[in-house]
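*Asks:* Dropping a prediction and its sequence here:
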Amino acid sequence: MVRLTLTQRIWFSFIVLIVSIGLIITIVYPFSLQKTLKEDSYEMIKQQQQSYIGNDLSDFDVPDTGTGFVERQRAARSVGHLVVVNGQGRLEGDPVPQQFLDEVADSLRDQESEMGEYEMEYQGATIFYVVRKIQESPNQLYLISYMWDTYRNQMMKKLWYRLLIIFGIAALISLALAGWLTRYLKNPLITLGRHFENIAALNWQKPFKWHSGDEFERLSHQFENMRRNLIQYDESQKQFLQRASHELKTPIMVIQSYAQSVKDGVYPKGTAEDSMEIIMDESARMEQRVQKLIYFAKVDSLRDEQPEMTLIEFGELADTIQQRFSQQRADLDIVTRNPSVPLYVDEEQWLVAIENLVENAVRYAKTTVRLSAEQHGDETWMIISNDGDPIPEDQLNQLFEPFYKGSKGQFGLGMAIVKRIVERHNGTITVHNDQDGVHFTVKIPSKDM
């Protein structure tokens, strides 16, 4: 399939339009013009008839003008007349050939109305004639008026000539308009293309605005929104890398310093075993951070992919999480309510989300962590609560930002991961304080049963 450029499409469209109009004119116009001129010829014949008839039929007479039947063909608007009494009993007016009289006689026999319009072919030309009944008795009196198609043919030639001139001028104007339209449409696209090239080269600091009040202005607004989103995304990526580097830098430095000390025979913690224990702890902490970073990047990169949704009971996930954290703090009660409430989620991702929420709750709780699920119309609510100290109000909106840490936070990625997972499930997550402690509420759509 041949792919045309914008310029070629515009020129092709205008050429097709001009050719289509030309074909329509060529096919439709002759029939319409012929019909109009034919009607005009009959109207002219009738007017000439009326001038001969007048108001007094007793004095009705058609003189012989001396103009031959065939000679009238050379006169564009010449109308001839003759009178027929009792069929062909008597003739008055211009002499006409017998063939014409025979045709008129046939018309008289078939005509029932006062006036009739007819045409006949004679020597390669067309004759229009009108038969008007003048009187019925004592004798049938008919006035026949005729005119050759010379007027119609001449008018058609003149009109065709003028139409061709007009069509040619219109075609030239259309082609000129196509050239102007090509430049008009290409200029903003060329400008927009340059900005896209700058974007491709990561040079997106220069804003783009097109003031024209049309579709191009709306397109420029969309492009500008894209540019700003790219800048924001680039800044967030830079901040992410900076914070990730900072989070990994501390344990790496501790491991390096302790390892160098052990190598030099110096034991910062008193013994080699104690010093190596520090190295192992920091290695474990760094591993956890790397895993969090990898999972955060994974969830963020899958934002355009649909989760693998399955229907699972809330209690199945809650029991798994309870077993993981029951040994971490023996002084805590981890309570699950409404375990039979169904969740329509990606099981793997939702397990990670609950794990991060419970891990955060365990870190701040005093005696109890509560896990519950509720059905509210077409939504399923999951609430993770703890009886710890309330979160300062000015920090509530920052909890889900990457690398934001609370007073006992570790890496600052757990809540950010939860928010990404919830959003991938078309849900929302909120946090609030009350007299019982801190409550994280997750709302996701329920599955239509």
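*Replies:* Arrived safely, thanks for sending.

*Asks:* residue contacts, residue 436?
*Replies:* Going by CB atoms under 8 Å, 6 or more residues apart in numbering, residue 436 touches 385, 387. C-beta here means a position set from N, CA and C on the backbone, and glycine is covered the same way.

*Asks:* With residue 118 instead?
*Replies:* Counting by CB under 8 Å, 6+ apart, residue 118 makes contact with 103, 107, 128, 129, 130, 131.

*Asks:* Correct me if wrong: the second one contacts residue 119.
*Replies:* No - applying CB atoms under 8 Å as the test, residue 107 and residue 119 come out as separate, 10.3 Å apart.

*Asks:* Of the two, which one has the most company?
*Replies:* Per other CB atoms under 10 Å, whichever of residue 107 and residue 119 has more neighbours is residue 107, with 18 against 15.

*Asks:* State the helix or strand in which that one lies.
*Replies:* Using DSSP states H and E, residue 107 sits within helix 98-110.

*Asks:* ok, residue 144 - how many residues close by?
*Replies:* Residue 144: 25 neighbours (other CB under 10 Å).

*Asks:* Assign it to helix, strand or coil.
*Replies:* Per DSSP: H, G, I helix; E, B strand; the rest coil, the secondary structure class of residue 144 is strand.

*Asks:* same question, residue 400
*Replies:* coil.

*Asks:* Got phi/psi on it?
*Replies:* With angles defined as degrees, to the nearest 10, residue 400 sits at phi -100, psi 10.

*Asks:* cool, residue 24 as well?
*Replies:* Main-chain torsions, residue 24, degrees, to the nearest 10: phi -60, psi -40.

*Asks:* What's the local residue count around it?
*Replies:* Going by other CB under 10 Å, the residues that sit close to residue 24 add up to 10.

*Asks:* how much space between it and residue 18?
*Replies:* Plainly put, residue 24 is 11 Å away from residue 18 if you go by CB to CB, to the nearest Å.

*Asks:* can you check residue 326 too?
*Replies:* 83 Å.

*Asks:* Compare the two (neighbour count), which wins?
*Replies:* Shown here are residue 326 and residue 18; by other CB under 10 Å, residue 18 has more neighbours (17 against 13).

*Asks:* Once you drop chain neighbours, what's closest to that one?
*Replies:* What sits nearest to residue 18 in space, not counting adjacent residues and going by CB to CB, 6 or more residues apart in numbering, is residue 171, at 5.0 Å.

*Asks:* And residue 42, by the same measure?
*Replies:* residue 117 (5.2 Å).

*Asks:* Pull the contacting residues for the one you found.
*Replies:* Shown in contact with residue 117 (CB under 8 Å, 6+ apart): 42, 128, 130.

*Asks:* burial count for the second one?
*Replies:* Look at residue 128: counted by other CB under 10 Å, it has 21 neighbours.

*Asks:* any idea how far stretch 24-43 is from the chain center?
*Replies:* Relative to the centre of its chain, stretch 24-43 is centred 44 Å away, using CA atoms, centre = their mean, to the nearest Å.

*Asks:* Which residues does that stretch contact?
*Replies:* Contacts to stretch 24-43, defined as CB under 8 Å, 6+ apart, come from residues 117, 119, 128, 130, 147, 149, 151-152, 155-156, 159-160, 163, 167.

*Asks:* Restricting to C-alpha, output it in PDB.
*Replies:* Extracted in PDB, the C-alpha atoms of stretch 24-43 (Å, rounded to 0.1, in the frame of the first residue of the first chain):
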ATOM      1  CA  ILE A  24     -20.800  15.600 -12.100                       C
ATOM      2  CA  ILE A  25     -21.000  18.700 -14.300                       C
ATOM      3  CA  THR A  26     -20.300  16.700 -17.500                       C
ATOM      4  CA  ILE A  27     -22.900  14.000 -16.600                       C
ATOM      5  CA  VAL A  28     -25.700  16.000 -14.900                       C
ATOM      6  CA  TYR A  29     -25.400  19.500 -16.300                       C
ATOM      7  CA  PRO A  30     -26.200  18.700 -20.000                       C
ATOM      8  CA  PHE A  31     -29.500  17.000 -19.100                       C
ATOM      9  CA  SER A  32     -30.500  19.800 -16.700                       C
ATOM     10  CA  LEU A  33     -29.500  22.500 -19.200                       C
ATOM     11  CA  GLN A  34     -31.300  20.800 -22.100                       C
ATOM     12  CA  LYS A  35     -34.500  20.500 -20.100                       C
ATOM     13  CA  THR A  36     -34.300  24.100 -19.000                       C
ATOM     14  CA  LEU A  37     -33.700  25.500 -22.500                       C
ATOM     15  CA  LYS A  38     -36.400  23.200 -23.900                       C
ATOM     16  CA  GLU A  39     -38.900  24.600 -21.400                       C
ATOM     17  CA  ASP A  40     -37.800  28.100 -22.200                       C
ATOM     18  CA  SER A  41     -38.300  27.400 -26.000                       C
ATOM     19  CA  TYR A  42     -41.900  26.200 -25.400                       C
ATOM     20  CA  GLU A  43     -42.500  29.300 -23.200                       C
END
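
*Asks:* how about that stretch: buried residues?
*Replies:* Residues of stretch 24-43 classed as buried by neighbour count (16 or more other CB atoms under 10 Å): 25, 33, 37, 38, 41, 42.

*Asks:* what helix or strand does the last one sit in?
*Replies:* When elements are defined using DSSP H and E, residue 42 is found to belong to helix 6-53.

*Asks:* Just the CA trace of the helix or strand following that helix, in PDB.
*Replies:* Of the helices and strands lying after helix 6-53 in sequence (DSSP H and E), the nearest is strand 80-85. Provided in PDB are the C-alpha atoms of strand 80-85 (Å, rounded to 0.1, in the frame of the first residue of the first chain):
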ATOM      1  CA  GLY A  80     -43.500  30.200 -37.300                       C
ATOM      2  CA  HIS A  81     -47.300  29.800 -37.300                       C
ATOM      3  CA  LEU A  82     -50.000  28.100 -39.300                       C
ATOM      4  CA  VAL A  83     -53.700  27.500 -38.800                       C
ATOM      5  CA  VAL A  84     -55.400  24.200 -39.400                       C
ATOM      6  CA  VAL A  85     -59.200  24.100 -40.000                       C
END
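
*Asks:* Mind giving me the packing neighbours of strand 80-85?
*Replies:* Contacts defined by 3 or more CB pairs under 8 Å, 6 or more residues apart in numbering; DSSP states H and E place strand 80-85 against helix 6-53, strand 90-93, strand 141-148.
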